Each structure stands twice: as C-alpha cells, then as structure tokens.
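Enquirer: I'll drop the sequence and a predicted model, then ask my questions.
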Amino acid sequence: MRPDNSTNSDASTTSTSVFVYPLDGDVSDCIGLLPKPGCGTAPTQAGDRGGGLQFAVFSFMIIGIAVIFTVVFRNVVRRDKQRESEADNTADNERGTSA
C-alpha cells in the first residue's frame, strides 16, 4: 500500500520570505556607516527612508527648535530690560536721597 500524499501537500508548500537588499553595484560601497549615493531603493511608503514621514518629522524638529530659541531669546531680552529699568530706578533713588 502506498501512502496518500494529498493531505500533506499543504505542509510542503509553505514558503518563507527573506528580504534581499537590491544592490546593483559593489556591496561594500552600499553597506556601512556612510553608504554612497545611488545605493538602495526609492521610498515606496511614507515611512521608508527618505519618505514623507521622515521629512515631516524633520520639519517638526526644526519648528520645535525655532520655537524654543524664540522663547529663550524673548525671555532673555525681557529680563535684560527689567534689570536695566531696576538699575535706573536704583540710581534715581540714590540721587534723590543724597541731594
């Protein structure tokens, strides 16, 4: 009697996918700390390297740094004006009491 292989056919057709880097040139030029231009693929989704989400995050970071710089600069100028006015008031009071 021969074994019936019709029930085990699904188990033998299971496939696994392996990600392969689509490199056209020398592999050592594209893999490393600073890959050369032209390595890799163009972004296909918003979250890919160089995609829309990456540019959005970069824009939000720049805007956030600009807001922080503006607030700090404005508060430093305000503090300097306040110190100057306090120094003027102190000098006026000293002149008024000594005369």
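Expert: In hand now; what should we look at? Just so it is clear, the structure is predicted and the values come from calculations on it, not from any experiment.
Enquirer: Name the SS class of Thr41, please.
Expert: Using DSSP: H, G, I helix; E, B strand; the rest coil, the three-state assignment for Thr41 comes out as coil.
Enquirer: Per-residue pLDDT of it, please?
Expert: According to the per-residue confidence, Thr41 scores 73 in pLDDT.
Enquirer: and it, how far is that from Gly51?
Expert: 11 Å (CB to CB, to the nearest Å). C-beta: built from backbone N, CA, C; applies to glycine.
Enquirer: of these two, who's got more company?
Expert: Gly51 (14 against 11; other CB atoms under 10 Å).
Enquirer: anything in contact with each of Thr41 and Gly51?
Expert: Counting by CB atoms under 8 Å, 6 or more residues apart in numbering, Thr41 and Gly51 have no common neighbour.
Enquirer: where along the protein do the helices fall?
Expert: Listed in chain order, the helices found in the chain under DSSP state H are 9-12, 27-30, 52-98.
Enquirer: tell me the most buried of the ones you listed?
Expert: Across these, averaging neighbours per residue (mean count of other CB atoms under 10 Å) puts helix 27-30 on top, at a mean of 12.
Enquirer: C-alpha coordinates for that one, PDB please?
Expert: These are the backbone C-alpha positions of helix 27-30, laid out as PDB (Å, rounded to 0.1, in the frame of the first residue of the first chain):
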ATOM      1  CA  VAL A  27      28.200  45.500  -1.900                       C
ATOM      2  CA  SER A  28      31.000  47.100   0.200                       C
ATOM      3  CA  ASP A  29      30.100  50.500  -1.100                       C
ATOM      4  CA  CYS A  30      26.500  50.300   0.000                       C
END
